[in-house]
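Undergrad: sequence-free structure coming up:
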């Protein structure tokens, strides 16, 4: 069974600084997706970034980038130039390719606070 | 598109009562997922549908929980009878399968916060 581990329950960053959120996963599959979702106090789950396992290049979305280490089964999220609006819970998630196994497996999440 | 719509947003009920949560997926999406979020267990998948057919219901806690998808634009999650330990936020999400066989992004609804007294 696939598992996703986020070992840090909480992190804090100074506004405008950079922070890295860690995530590891376990799978026997060779092709899969990895995601980072953001959940602000509004509760809405928002996709931040996604990475296809077959792509060696790390995904980037504006201030958000990932460090994907397939051999180590590691998938960290880097937030640059942190903003107050980045304060939220962040979830790492995994899914295999499409078809019958399309469900997301989530980590426990990490609460990120941003200090002004 | 309005996104995934869930109703009600909040539900407070007493133990033993029947609870029905509703979801309208994004038009054109052929996958629908029901998740539950609690402090203790985090986000867990309860059941998901593909083209209105349940594919995996292994996450449904027990027989008190049931889910249906009578058509492509509507799904319900029912709890009967409800218990205090069912208190949680219930999310519905939808996605579509890309033409190349790779999965699309899952779009989440705003969730329903259920409190069972």
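TA: Alright, I've got the coordinates. Fair warning: this is a prediction, and the values are worked out from it, not measured in the lab.
Undergrad: where are the low-confidence patches of chain A?
TA: For chain A, the stretches flagged by pLDDT under 70 are A:98-101.
Undergrad: Show me which residues of chain B sit near chain A.
TA: Within chain B, the positions near chain A by C-beta under 8 Å from any C-beta of the partner chain are B:31, B:33, B:42-45, B:48, B:50, B:55-56, B:89, B:91, B:93, B:95, B:97-98, B:101-103, B:105-108, B:110-111, B:113. Quick note: C-beta positions are derived from backbone N, CA and C, even for glycine.
Undergrad: Can I have the buried ones of those residues as a PyMOL selection?
TA: Command for PyMOL that selects the buried part of the residues of chain B next to chain A, burial taken from 16 or more other C-beta atoms under 10 Å in any protein chain shown:
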select buried, chain B and resi 31+33+42+43+45+48+50+55+56+89+91+93+95+97+103+106+107+108+110+111+113
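Undergrad: What segments of chain B are strands?
TA: Using DSSP state E, the strands found in chain B span residues B:5-7, B:10-13, B:19-24, B:31-38, B:42-50, B:53-56, B:65-71, B:74-79, B:88-95, B:107-108, B:112-116.
Undergrad: ok, residue A:12 touching residue A:110?
TA: No - here residue A:12 lies out of contact with residue A:110, judged by C-beta atoms under 8 Å, at a distance of 10.8 Å.
Undergrad: Overlap in contacts, those two.
TA: Counting by C-beta atoms under 8 Å, 6 or more residues apart in numbering or on different chains, no residue touches both residue A:12 and residue A:110.
Undergrad: Can you give me the distance of the residue most central in space within chain B to chain A?
TA: Nearest to the mean C-alpha position of chain B, by C-alpha atoms, centre = their mean, lies residue B:34 at 2.7 Å. Per C-beta to the nearest C-beta, to the nearest Å, residue B:34 is found 11 Å from chain A.
Undergrad: Now do the nearest residue to that residue once chain neighbours are set aside, the pLDDT please.
TA: Distance criterion C-beta to C-beta, 6 or more residues apart in numbering or on different chains; nearest residue to residue B:34, sequence neighbours excluded, is residue B:46 at 4.4 Å. Looking at residue B:46, its pLDDT stands at 95.
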